[in-house]
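Undergrad: missing the sequence, but the structure's below:
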């Protein structure tokens with residue numbers, strides 16, 4: 001998707017900033033404000049939609065008036081868009097104004113009241129990826145036919161995604177060079193992730209399982225033997241005749257594979273959410289969970305924990321009566 005011009009607006013030359021520093025300063029600021037690649041793509045699409053709406057109604061998108069934004073958000077709500085979708089459009093518009101150095105109409109109290117009213121009328125909660133139980137996951141993994149390259153790849157993908165609490169974008173970007181095997185297990189180095197935009201060293205530890213059919217390391221090694229490469233992407237697409245390609249598996253396809261085996265009620269993000277939930281049910285404290293997920297706060301761990309059953313993780317069982 002082509003980037004919106006609003007997302008690459010350069011800084012104007014000012015008396016305080018020498019002319020030869022304008023372009024690099026603009027570049028650094030843009031990089032600092034952008035965020036994750038997937039977010040950039042989503043924001044660019046949202047901004048293009050808002051710009052087109054403004055053009056249709058003969059309004060300026062940048063800077064946008066409060067009235068223009070209110071009309072656009074109302075039309076999204078009337079069209080049946082989810083609250084999360086409307087909130088993302090609002091964030092994209094705010095980001096475009098921020099990058100251009102302009103005041104955003106999203107900060108206006110009228111817009112905040114409008115968004116609150118939309119959320120109240122729709123009465124929706126942010127939909128979270130469902131978590132599966134460990135027993136369900138074990139049964140699913142053991143049911144995979146690993147007599148084919150597709151089965152070997154998919155088993156390795158699901159086991160690694162779960163035990164490493166990976167985001168789908170991290171699984172997509174994973175290269176063989178990121179894997180370091182030794183007798184204690186596997187360490188996966190991440191060059192960059194959603195919460196690691198600066199490319200600082202970030203690692204995940206994967207451990208052996210006593211059950212070879214459920215072992216993420218042995219499963220990954222079995223897939224790598226089929227892949228028969230020493231570098232490049234780990235998870236690639238396969239042709240219908242089971243022939244390997246060099247095409248990196250997309251996040252969309254990773255999601256489809258998860259649903260193929262676990263059911264349509266789940267997504268690839270369920271692998272990560274289930275890691276947190278199962279870990280908490282097994283007594284892991286937040287710091288241990290965060291060491292794998294790379295979340296920055298315990299609040300995020302609580303948000304990720306899917307303990308929908310009232311009998312799960314409930315202190316009423318520990319009253320001593």
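TA: Looks like it arrived, so ask away. Because the structure is a prediction, the values reported are computed rather than measured.
Undergrad: and residue 137, how far is that from residue 275?
TA: Residue 137 is 10 Å from residue 275, where distance means Cβ to Cβ, to the nearest Å. Quick note: C-beta positions are derived from backbone N, CA and C, even for glycine.
Undergrad: overlap in contacts, those two.
TA: Taking Cβ atoms under 8 Å, 6 or more residues apart in numbering as the criterion, residue 137 and residue 275 both touch residue 162.
Undergrad: in what helix or strand does residue 205 lie?
TA: Assigning secondary structure by DSSP states H and E places residue 205 in strand 202-206.
Undergrad: quick one: buried residues of that strand?
TA: By neighbour count with 16 or more other Cβ atoms under 10 Å, strand 202-206 contains the buried residues 204, 206.
Undergrad: check which helices and strands the helix or strand just after it sits against.
TA: Following strand 202-206 in sequence order, the next helix or strand is helix 216-227 (DSSP H and E). Using 3 or more Cβ pairs under 8 Å, 6 or more residues apart in numbering; DSSP states H and E as the contact test, the elements touching helix 216-227 are helix 149-163, strand 179-182, strand 185-190, strand 202-206.
Undergrad: pLDDT value on the residue nearest in space to the middle of the chain, please?
TA: Central residue of the chain (Cα atoms, centre = their mean): residue 167, 5.5 Å from the mean position. Residue 167 carries a pLDDT value of 91.
Undergrad: kindly report the same for residue 81.
TA: Residue 81 is given a pLDDT of 89.
Undergrad: do the same with residue 297
TA: According to the model, residue 297 scores 74 on pLDDT.
Undergrad: again, but for residue 303
TA: 62.
Undergrad: repeat for residue 308
TA: Note on residue 308: pLDDT of 55.
Undergrad: kindly report the same for residue 316.
TA: For residue 316, the predicted pLDDT is 49.
Undergrad: so, low pLDDT: which residues of the stretch 151-300 of the chain?
TA: Scanning the stretch 151-300 of the chain for pLDDT under 70 picks out 192-201, 298-300.
Undergrad: give me that answer again for 90
TA: Applying pLDDT under 90 to the stretch 151-300 of the chain flags residues 190-203, 265, 273, 276-300.
Undergrad: please enumerate the strands of the stretch 201-321 of the chain.
TA: For the stretch 201-321 of the chain, applying DSSP state E, counting those that start in this stretch gives strands covering 202-206, 236-238, 244-248.
Undergrad: closest one to residue 281 among these?
TA: With Cβ to Cβ as the measure, strand 202-206 is the member of the strands of the stretch 201-321 of the chain nearest residue 281 (20.1 Å).
Undergrad: about what we covered before: thought the residue nearest to the centre of the chain was touching residue 272?
TA: Yes. Residue 167 lies in contact with residue 272 (Cβ atoms under 8 Å); the separation is 6.3 Å.
Undergrad: deepest-packed of the helices and strands packed on helix 216-227, please.
TA: Using mean count of other Cβ atoms under 10 Å, the stretch among the helices and strands packed on helix 216-227 with the largest mean neighbour count is helix 149-163, at a mean of 23.
Undergrad: give me the number of residues near the nearest residue to residue 227 once chain neighbours are set aside?
TA: In space, and not counting its chain neighbours, residue 227 is closest to residue 244: 6.8 Å by Cβ to Cβ, 6 or more residues apart in numbering. Residue 244 has 15 neighbours, counted by other Cβ atoms under 10 Å.
Undergrad: please parse this protein into its domains.
TA: Following automatic domain parsing, one finds the domains of the chain at 5-122, 134-304.
Undergrad: circling back to that earlier point, distance to residue 257 added to the strands of the stretch 201-321 of the chain, as a markdown table?
TA: Shown next, in a markdown table, are those (distance: least, Cβ to Cβ, whole Å):
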| stretch | distance to residue 257 |
| --- | --- |
| strand 202-206 | 19 |
| strand 236-238 | 11 |
| strand 244-248 | 14 |
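Undergrad: between the ones you listed, which one is closest to residue 81.
TA: Proximity to residue 81, assessed across the strands of the stretch 201-321 of the chain by Cβ to Cβ, is greatest for strand 244-248 (31.0 Å).
Undergrad: what's the angle from the closest one to helix 216-227?
TA: Interaxial angle, strand 244-248 versus helix 216-227 (axes from the mean of the first three to the mean of the last three Cα atoms, to 10 degrees): 120 degrees.
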